[in-house]
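Q: How does the following fold in three dimensions:
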Amino acid sequence: MTYRPIASYGVIGDMHTAALVGLDGSIDWLCLPRFDSPSVFAKILDDEKGGSFSIAPVDGRATAHQYYWPDTNVLVTRFLSEAGAVELTDFMPVGLPPGSGRQVLRKVSGVRGSVRLRLDCRPAFDYARADHAVHLSEHGADFKSGTTLLRLVSPVPLTTDGKSATCDLLVKEGETFVFVLLGPGEQEQVTECLGYIPATEGERLFRQTVDYWRAWVGQCRYTGRWREMIIRSALALKLMTYEPSGAIIAAPTCSLPEGIGGTRNWDYRYTWVRDAAFTVYALLRLGFRSEAKAYMGFLARACVEQRGDRPLQVMYGIDGRSTLTEETLDHLDGYRGSKPVRIGNGAFDQLQLDIYGELLDAAYLFNKWGEPVSAVMWQTLRRLADWVCDNWRLADEGIWEVRAGQRHFVYSKLMCWVAIDRALRLADKRSFPADRTRWMSTRDEIYAEIFAKGWNPKVGAFTQSYGSDALDAANLMMPLVFFLAPSDPMMLSTLDAMLKPPSAGGLVSNSLVFRYNAEHGADGLAGDEGTFNICTFWLVEALTRAGKFERRHLDEARLIFERMLGYANHLGLYAEETGPSGEALGNFPQAFTHLALISAAFNLDRALGGSA
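A: This is a model prediction of the structure:
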């Protein structure tokens, strides 16, 4: 098998879709025309059938280095061989007219000597389920599948075997060749695409794209210790924004495994309400107000229409749609044999009570640091708070979307408390009408029940669910949402319990945090998983806040944070998890991880006396 490590990829995009580009110069994942459209390249999920677009040296001994053009999402892969050096610059132009289709530009530049490259473009439409034909022209090749057209514009003649378009190219020092992949328009109709794009036009689009990203980064207000990592995380989040609606996806990929060879393979190309507060907090803290406003607008539209007996669902499509039916693609082998490959997400109709707290917290934060919540939006938020008062006692599937039945998860109850608390704060801050007496009574009742049923004196910690002995890293959120003081003895005891290694009942292994013990958590899924990167950053934040009162916790927070920075890939990107050998696992790059990194860095830097 020729699967590359998940961490060996970079990502490019244009706020409509994104592509993964490997260190070997191969685009192994791309969905067109949107993040959630069927893939045209999916080699990362099946190295034989998935399809890819490769530009790489013929000399297999060449070495590769990859970096982003500073403060941009323009990716450069530099190949070095005995014969010379060549650079491959990949990017997707931004600001294209509506309906014009997506574009991927691949610019090849000779740096030293002469290097022979091989181009091989072999799409596999509709997750490799649809056949296609290839038609060569004087300006490249057309790949046609049904009514869908993909065009490769090439400055040199191509050949075909009926499924792929290829050429060998000798690149000499000072020469530049621009290849352009033109995707279907928004309606996926066959249209006439642009013809040959000369090197001068490619250079213009390159400079235009660089200028766009640098202007966007220029809005960032963070000037602290870890600015480079913060900027990269912000750029990754911007790439995962769907511009037409303001939605932010969890990741641009689907079914990258949480454990190699396992079944924990999910589709993350949707918007989770759970990410709301983290997203708004991170964007506003960094100064990206327009993105925060667009995202809040998306959430407001999503929760206006109640579906069934719940006013909210766990996740939505990037266009706001509510049905995300899950299906398996049995014809694909999965990354390194990790099956099944899933598209859609069956958790969309689960009951997860925590999302109400996260949405109301986001609204509270946006009202505080963004702009005032409207009267119309308040009516929706008030309805959510009333619903929580009526339903907080229900068991649910919880933050981790378990598939082993509903339970009374402590984190779910915690976020119900947050939902009502933030609704009360907003009502008082803005003098909004509300059933304050009922809300206060319910909030206090939830508070008392969490202490009565969520605390396990034998374990000395708040546990995953009522009556459980298992720990859950989600409870690290208690001081972050101001449920408990960070120095509260019960919180410090919970921290101490989690900081133990898994063999001693804890969740931390060499500073990395498991979300729970999979053996004791009974999540209804087979197989193991890695440590959850977001949980490690939550631990950093909890320790940071405790460090205000005891310096050793602050020192530990910094140690864990800076050690965690070493688990980013060569470009500063994170997947969802870190495996037992330090490898990236799960969908990539992961928005939730980068959101948590921003929050942890901002608060840790401030606690250390920084200027964040």
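Q: OK, contacts around Ala474?
A: Ala474 sits next to Gly398, Ile399, Trp400, Phe409, Val410, Tyr411, Arg515, Cys535, Trp538 when contact means CB atoms under 8 Å, 6 or more residues apart in numbering. Quick note: C-beta positions are derived from backbone N, CA and C, even for glycine.
Q: Using the three-state scheme, assign it.
A: Counting by DSSP: H, G, I helix; E, B strand; the rest coil, the backbone at Ala474 sits in helix.
Q: which of the contacts of Ala474 lies closest to Phe177?
A: Cys535 (45.3 Å; CB to CB).
Q: What's the local residue count around Leu499?
A: 17 (other CB atoms under 10 Å).
Q: where's Leu45 relative to Arg264, distance?
A: Distance of Leu45 to Arg264, given as CB to CB, to the nearest Å: 15 Å.
Q: So the two - more neighbours on which side?
A: Leu45 (29 against 20).
Q: in a helix, that's where that one is, yeah?
A: No. Going by three-state DSSP, the assignment for Leu45 is coil, not a helix.
Q: next one: phi and psi at it?
A: For Leu45, the backbone dihedrals (degrees, to the nearest 10) come out as phi -110, psi -10.
Q: Start at 669, not 1
A: Shifting the count to begin at 669 puts that one at Leu713.
Q: check contacts around Ala751.
A: Asp727, Gly781, Ser782, Val783, Arg784.
Q: For the stretch 669-818 of the chain, which segments count as strands?
A: 677-681, 686-690, 694-699, 707-709, 720-725, 731-736, 743-749, 752-759, 771-790, 801-805, 808-813, 816-821 (DSSP state E, counting those that start in this stretch).
Q: just those strands: most buried one?
A: Each of the strands of the stretch 669-818 of the chain was scored by mean neighbour count; the highest is strand 707-709, a mean of 29, by mean count of other CB atoms under 10 Å.
Q: What helices and strands are in contact with that one?
A: strand 694-699, helix 793-796 (3 or more CB pairs under 8 Å, 6 or more residues apart in numbering; DSSP states H and E).
Q: ok, Thr891 - how many residues close by?
A: 11.
Q: so the closest residue to Val1041 other than its chain neighbours, which of the three states?
A: Spatial nearest neighbour of Val1041, excluding adjacent residues (CB to CB, 6 or more residues apart in numbering): Asn1035 at 4.5 Å. Assigned by three-state DSSP, the conformation of Asn1035 is helix.
Q: Could you list the low-pLDDT ranges of this structure?
A: 669, 767-768, 853-867, 973-976, 1186-1195, 1278-1280 (pLDDT under 70).
Q: quick one: buried residues of stretch 847-854?
A: Phe847, Val848, Leu849, Leu850, Gly851, Pro852, Gly853 (16 or more other CB atoms under 10 Å).
Q: Format these as JSON lines; extra columns: secondary structure and distance to Phe1256.
A: What follows is the buried residues of stretch 847-854, written out as JSON lines (DSSP: H, G, I helix; E, B strand; the rest coil; distance: CB to CB, whole Å):
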{"residue": "Phe847", "secondary structure": "strand", "distance to Phe1256": "25"}
{"residue": "Val848", "secondary structure": "strand", "distance to Phe1256": "25"}
{"residue": "Leu849", "secondary structure": "strand", "distance to Phe1256": "21"}
{"residue": "Leu850", "secondary structure": "strand", "distance to Phe1256": "26"}
{"residue": "Gly851", "secondary structure": "coil", "distance to Phe1256": "21"}
{"residue": "Pro852", "secondary structure": "coil", "distance to Phe1256": "25"}
{"residue": "Gly853", "secondary structure": "coil", "distance to Phe1256": "28"}
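Q: for stretch 1175-1182, how far is the first residue from the last?
A: Stretch 1175-1182 has its terminal residues 5 Å apart, counting by CA to CA, to the nearest Å.
Q: Just the C-alpha atoms of the longest helix anywhere in the chain, please, in CSV.
A: When the chain is scanned for its longest helix (criterion: DSSP state H), the result is helix 1078-1098. What follows is helix 1078-1098, C-alpha atoms only, in CSV (Å, rounded to 0.1, in the frame of the first residue of the first chain):
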residue,chain,number,x,y,z
VAL,A,1078,-22.3,15.1,33.7
TYR,A,1079,-21.1,17.3,30.9
SER,A,1080,-24.6,17.4,29.4
LYS,A,1081,-26.0,18.6,32.7
LEU,A,1082,-23.2,21.1,33.1
MET,A,1083,-24.0,22.7,29.7
CYS,A,1084,-27.7,22.8,30.6
TRP,A,1085,-26.6,24.9,33.6
VAL,A,1086,-24.6,27.0,31.2
ALA,A,1087,-27.6,27.5,28.9
ILE,A,1088,-29.8,28.9,31.6
ASP,A,1089,-27.0,30.9,33.3
ARG,A,1090,-26.1,32.6,30.0
ALA,A,1091,-29.8,33.2,29.2
LEU,A,1092,-30.1,34.9,32.6
ARG,A,1093,-27.0,37.0,32.1
LEU,A,1094,-28.2,38.1,28.7
ALA,A,1095,-31.7,39.0,29.9
ASP,A,1096,-30.3,41.1,32.8
LYS,A,1097,-27.6,42.7,30.6
ARG,A,1098,-30.1,43.8,27.9
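Q: buried ones in whichever helix or strand comes after it?
A: Reading on from helix 1078-1098 to the C-terminus, the next helix or strand found by DSSP states H and E is helix 1104-1117. Across helix 1104-1117, burial judged by 16+ other CB under 10 Å covers Trp1107, Thr1110, Arg1111, Ile1114, Tyr1115, Glu1117.
Q: can you tell me which residues contact the third one?
A: Just to be clear, that refers to Arg1111. Trp1085, Ile1088, Asp1089, Leu1092.
Q: Can I get these in CSV including distance to Lys1007 and neighbour count?
A: Shown next, in CSV, are the contacts of Arg1111 (distance: CB to CB, whole Å; neighbours: other CB atoms under 10 Å):
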residue, distance to Lys1007, neighbour count
Trp1085, 40, 23
Ile1088, 43, 28
Asp1089, 43, 23
Leu1092, 48, 19
